[in-house]
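# Fold the stuff below for me.
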Amino acid sequence: MSARRKQAQGAVDRMLGVVPWYNGLPDAEREEIRGRLRMVSLGTGEYLFRAGERSPGWYGVVDGLVKWSSRGADGKTLSLAGFSTGSWFGEATMIRGARFEYEVVALRPSRVVILPRDTCERLWNNNIEFTKALMEHLAQRVDWLMASYTGNVLLDVDTMVARAVAAQLAAESHSGTDGRLKISQEEIASLCGVSRQRCNAALTRLARAGVLQTRYGGLTILDREALHQHAKMNCNSGG
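Coordinates of the predicted model:
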């Protein structure tokens, strides 16, 4: 086995090691899933898939950051969410066996694994823990979409930025980052669908309020409760 392949497999194992639904499965199911995963490497700005493509399965982020967005007939895009290490997405389209109605693009170099649909189908027909995990992801996705719609229609930039930061904090909570998020201001702006200048101004106001601290290459969350208050979210919401 080459050193690069061994390194990639190690990254997948570390990611799976903190995924609750995976670790709740019997050994045989975990072994099958691990053996069926296919990895895709993306450069910054490279698309994982575009609208109209058919879903091959369930996606999990090994490392990096990808953005979920929808493009209108006029060419404008609506940012829906960001997925970072340990996030799984695409379950609704996979279950329906449909084509994607949205697109996912890498905001930084990223690696994503795909669990084939036939494996997922066998598991959701035979393993209650896997089925429960899918249902929980679907429920979280509905909650996040409702919040995203509200944010894009009713909320100001400060709230939208706070929501994007809170979502990344929730996504990375299992990684032992202790409130230190590796995400740039440009990436947050892209996730919110606002200009970098407006995003920076919002982050400055959140910093002055004692919610977070900006640093080179990321953010440090100083007050999680205040962050959720600024995001107008329940502390248990994660997206």
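# and after the helix or strand bottoming out on mean pLDDT in the chain, which helix or strand comes next?
Within the chain, no helix or strand scores below helix 128-154, which has a mean of 76 by mean pLDDT, DSSP states H and E. Per DSSP states H and E, the first helix or strand lying C-terminal to helix 128-154 is helix 157-171.
# Quick check: which element contains the residue positioned nearest the centre of the chain?
Geometric centre of the chain, nearest residue: residue 83, 1.6 Å, by CA atoms, centre = their mean. Per DSSP H and E: residue 83 is located in strand 77-84.
# Packing partners of the helix or strand following that strand?
Following strand 77-84 in sequence order, the next helix or strand is strand 88-89 (DSSP H and E). Secondary-structure packing of strand 88-89 (3 or more CB pairs under 8 Å, 6 or more residues apart in numbering; DSSP states H and E): strand 57-63, helix 128-154. Every residue, glycine included, has its C-beta placed from N, CA and C.
# how about the helices of the protein, start to end?
In the chain, the helices defined using DSSP state H lie at 3-16, 20-23, 27-36, 91-96, 117-126, 128-154, 157-171, 185-192, 196-208, 224-231.
# With mean neighbour count and distance to residue 103 as added columns, please give those in JSON lines.
Listed next are the helices of the chain as JSON lines, based on neighbours: other CB atoms under 10 Å; distance: least, CB to CB, whole Å:
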{"stretch": "helix 3-16", "mean neighbour count": "13", "distance to residue 103": "23"}
{"stretch": "helix 20-23", "mean neighbour count": "14", "distance to residue 103": "25"}
{"stretch": "helix 27-36", "mean neighbour count": "13", "distance to residue 103": "25"}
{"stretch": "helix 91-96", "mean neighbour count": "18", "distance to residue 103": "12"}
{"stretch": "helix 117-126", "mean neighbour count": "15", "distance to residue 103": "19"}
{"stretch": "helix 128-154", "mean neighbour count": "15", "distance to residue 103": "15"}
{"stretch": "helix 157-171", "mean neighbour count": "23", "distance to residue 103": "18"}
{"stretch": "helix 185-192", "mean neighbour count": "21", "distance to residue 103": "13"}
{"stretch": "helix 196-208", "mean neighbour count": "17", "distance to residue 103": "21"}
{"stretch": "helix 224-231", "mean neighbour count": "18", "distance to residue 103": "25"}
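# Out of the ones you listed, the one nearest residue 56 is which?
Residue 56 sits nearest to helix 117-126 of all the helices of the chain, at 6.4 Å, using CB to CB.
# I would like the residues contacting stretch 7-18, please.
1, 22-23, 30, 34, 37, 39, 60-63, 85-86, 111, 113, 174-175 (CB atoms under 8 Å, 6 or more residues apart in numbering).
# Spit out the contact partners of residue 190.
Listed by CB under 8 Å, 6+ apart, the contact partners of residue 190 are 67, 79, 107.
# Mind giving me the ChimeraX select for those residues, buried ones only?
Buried residues among the contacts of residue 190 (16 or more other CB atoms under 10 Å), as a ChimeraX selection:
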select :67,79,107
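# closest to residue 95 among the contacts of residue 190?
Nearest to residue 95 out of those is residue 67 (CB to CB; 22.2 Å).
# Parallel or antiparallel, list what pairs with the strand holding residue 83.
For strand 77-84, the paired strands and their directions (DSSP bridges) are strand 65-71 (antiparallel).
# what comes into contact with the strand it pairs with?
Outside strand 65-71, the residues that touch it by CB under 8 Å, 6+ apart are 42, 48, 51, 77-84, 89, 101-108, 110, 112, 183, 187, 190-191, 193.
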